[in-house]
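[1] need the 3D shape of this:
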Amino acid sequence: MAGPSTSPVPKPDGRQSPTALALQRGVLRHFAALGLMGIPEFSLASGRRADIAALDAKGEISIVEIKSSVADFRADVKWPEYRAFCDRLLFAVTVDFPVEILPEEVGILVGDAFGAHVLRPPPLHALPAATRKTLLIRLARAGAARLAALHDPDLRPYADL
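    From the prediction side, this is the model:
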């Protein structure tokens, strides 16, 4: 007997603009098509939240910082801190974003709600093994906690997941 249907669509948390949410969706679709699985709003050990943290089949971790506008980019001083938590760092922007203002040392994804494409591939900066292990465990626990919460909305996983 089939149970109630549970939609795997998380409730909006109100922090993202409609443009940022559209980019998030498009980047997650793009990554899934390439075999990367992403987790939006992923909490890092530093207390920062990555807009998207994604994991590929080799265990490499990419972090995507979504920039919904030039003002959003210019106000952001935290993005260099993400380098310590990923093998590849990217910005995701809309097609009308002036990409020439983005730093050279990160990859660039251009997208919308339906997908994204790589404008500039991100350089690889391999994580130390201990950092990778810690991040892999954190990603696995975050994914499991979010999936469990979809099946039981009253479940209260740890706040840092």
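[2] any weak-confidence spans in this structure?
    For the chain, the stretches flagged by pLDDT under 70 are 1-15, 157-161.
[3] can you show me the helices along it?
    18-34, 70-75, 129-151 (DSSP state H).
[4] A84 reaches T131, doesn't it?
    Yes - assessed by C-beta atoms under 8 Å, A84 is found in contact with T131 at 7.4 Å. C-beta: built from backbone N, CA, C; applies to glycine.
[5] which ones are touching the residue nearest the centre of the chain?
    Central residue of the chain (C-alpha atoms, centre = their mean): I52, 0.6 Å from the mean position. Residues in contact with I52, defined by C-beta atoms under 8 Å, 6 or more residues apart in numbering, are 24, 27-28, 31, 38-40, 42, 62-64, 66, 92.
[6] and the residues you listed, which are buried?
    24, 27-28, 31, 38-40, 42, 62-64, 66, 92 (16 or more other C-beta atoms under 10 Å).
[7] wait, R88 touches P122, no?
    Yes - using C-beta under 8 Å, R88 is in contact with P122, at 3.9 Å.
[8] any residues in contact with both of the two?
    Joint contacts of R88 and P122 (C-beta under 8 Å, 6+ apart) are 62, 107.
[9] what about the closest residue to T134 other than its chain neighbours, neighbour count?
    Computed as C-beta to C-beta, 6 or more residues apart in numbering, the closest residue to T134 that is not its neighbour in sequence is A45, at 7.1 Å. Using other C-beta atoms under 10 Å, the number of residues around A45 comes to 12.
[10] not counting its own residues, what contacts stretch 59-67?
    Against stretch 59-67 from outside (C-beta under 8 Å, 6+ apart): 16, 20, 23-24, 27, 31, 36, 38, 50-56, 73, 76, 79, 82, 85-93, 97, 102, 106, 109, 122, 124, 127, 132, 135-136, 139.
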